[in-house]
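Peer 1: here is a sequence with its predicted model. Questions after.
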Amino acid sequence: MLPVFLKPYDVEIKNLVRIGPNYDGGYVIHRETINLTKKIISCGLSDDWNFEKKFNELNNNCSVIAYDHTVNNDFWLKRFKKDIIHFFLFKKLRLTKIIKIFDYIDYKKFFNNKNKHFQKKIVKNNQKKNEISMSEVLQNINDIILKVDIEGDEYEILSDITENSQKIVSLIIEFHNLKTNLDKIETFINKNKFLKLIHIHANNFKDTDANGDPNDIELTFVNINKINVSNKKSKKNYPISGLDYKNFKRKNDIELRFND
């Protein structure tokens with residue numbers, strides 16, 4: 001069972017909305033977040049900007065700044081070769097692979113003008129040319145969605161997020177290797193005066209542990225100075241039907257249980 005500090009505070013279903021696809025890359029946020037946000041800061045991009053693209057359709061005054069040092073020319077060349085091979089080997093995937101081949105064009109189109117992608121790694125203290133600290137990223141900006149999926153490096157920047165939390169409308173963050181980092185997550189949640197947990201979903205790409213608990217979780221927080229949230233813990237079952245969907249379609253979604 002998950003500790004009670006991971007149980008979200010109660011938000012009415014009508015105030016929650018899923019942005020992005022009904023699989024990996026879609027996230028549940030508070031509806032009020034949409035109009036309050038002036039900028040999305042995405043840390044970790046890979047080949048998925050569906051959330052950012054859909055959000056831009058709902059709020060075209062919002063710009064997107066993405067940071068991912070791994071998305072470069074080599075990345076796209078490898079992706080193209082892989083998609084071509086899969087196209088010829090797997091007939092059932094051909095339509096999907098044809099669409100994926102054009103991702104690079106969509107990437108170039110989306111990250112143009114007001115939306116930018118920087119090939120930089122998010123770190124605690126930048127020492128290399130291709131690195132940038134979270135404090136630098138959040139400098140001189142306000143009213144943001146901060147979206148973090150950096151494969152375990154999120155624990156290094158939690159203190160910087162806390163220090164800049166007044167600027168954040170909503171935080172969407174994926175925590176990896178849950179069991180070995182519970183104390184860090186608890187400290188982050190308890191120390192944060194402004195960000196309040198409103199949603200949790202388990203990423204089902206990895207298997208559960210011996211207790212049936214997930215290894216990776218996706219959390220959504222909102223700034224209580226910008227969005228009103230109940231002081232009562234949620235009684236909902238997670239995943240929430242109609243809002244939450246499997247990250248990996250070939251596996252069952254993970255039902256969450258809390259130790260309360």
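Peer 2: Looks like it arrived, so ask away.
Peer 1: when you work out contacts or count neighbours from here on, use the C-alpha atoms and nothing else.
Peer 2: Will do.
Peer 1: just the residues contacting stretch 213-224, thanks.
Peer 2: Stretch 213-224 is contacted by residues 1-2, 28-30, 165-166, 168-179, 194-204, 206-209, 254, 256-257 when judged by Cα atoms under 8 Å, 6 or more residues apart in numbering.
Peer 1: restricted to buried residues, select the residues you listed in ChimeraX.
Peer 2: Buried members of those, defined by 16 or more other Cα atoms under 10 Å, are picked up in ChimeraX with:
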select :2,28,29,30,165,166,168,169,170,171,172,173,174,175,176,178,194,195,196,197,198,199,200,201,202,203,204,254,256
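Peer 1: wouldn't Ile168 be in contact with Gln139 here?
Peer 2: No - assessed by Cα atoms under 8 Å, Ile168 is found out of contact with Gln139, at 11.8 Å.
Peer 1: ok, now which ones touch the closest residue to Gln166 other than its chain neighbours?
Peer 2: In this structure, Gln166 finds its nearest non-sequential neighbour in Phe194, 6.5 Å apart by Cα to Cα, 6 or more residues apart in numbering. By Cα under 8 Å, 6+ apart, the contact set of Phe194 is 165-166, 222-225.
Peer 1: ok, now with 7 Å
Peer 2: Counting by Cα atoms under 7 Å, 6 or more residues apart in numbering, Phe194 touches 165-166, 223-225.
Peer 1: report pLDDT for it.
Peer 2: As predicted, Phe194 sits at a pLDDT of 96.
Peer 1: with the one 4 residues further on instead?
Peer 2: According to the per-residue confidence, Ile198 scores 98 in pLDDT.
Peer 1: that one: what secondary structure?
Peer 2: For Ile198, the assignment made with DSSP: H, G, I helix; E, B strand; the rest coil gives strand.
Peer 1: tally of neighbours for the nearest residue to it once chain neighbours are set aside?
Peer 2: Nearest residue to Ile198 in three dimensions, chain neighbours excluded: Pro8, at 4.6 Å (Cα to Cα, 6+ apart). Pro8 has 21 neighbours, counted by other Cα atoms under 10 Å.
Peer 1: the nearest residue in space to Asp48 that is not next to it in sequence: what's it in contact with?
Peer 2: Setting aside the residues directly before and after it, Asp48 is nearest to Gly25 in space (Cα to Cα, 6+ apart), at 6.6 Å. Gly25 is in contact with 48, 50-51, counting by Cα under 7 Å, 6+ apart.
Peer 1: quick check: pLDDT value at Gly25.
Peer 2: The predicted local confidence for Gly25 is 94.
Peer 1: confirm it sits in a strand?
Peer 2: No - Gly25 sits outside any strand when classified using three-state DSSP, being coil.
Peer 1: so it versus Asn247, what's the distance?
Peer 2: Counting by Cα to Cα, to the nearest Å, the separation of Gly25 from Asn247 is 8 Å.
Peer 1: tell me where the stretch 51-200 of the chain has strands.
Peer 2: For the stretch 51-200 of the chain, the strands defined by DSSP state E, counting those that start in this stretch cover 63-67, 116-118, 121-123, 131-133, 144-148, 168-175, 195-203.
Peer 1: want to try TSV for those, with distance to Arg79 as columns?
Peer 2: Listed next are these as TSV, based on distance: least, Cα to Cα, whole Å:
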stretch	distance to Arg79
strand 63-67	19
strand 116-118	18
strand 121-123	20
strand 131-133	24
strand 144-148	23
strand 168-175	24
strand 195-203	23
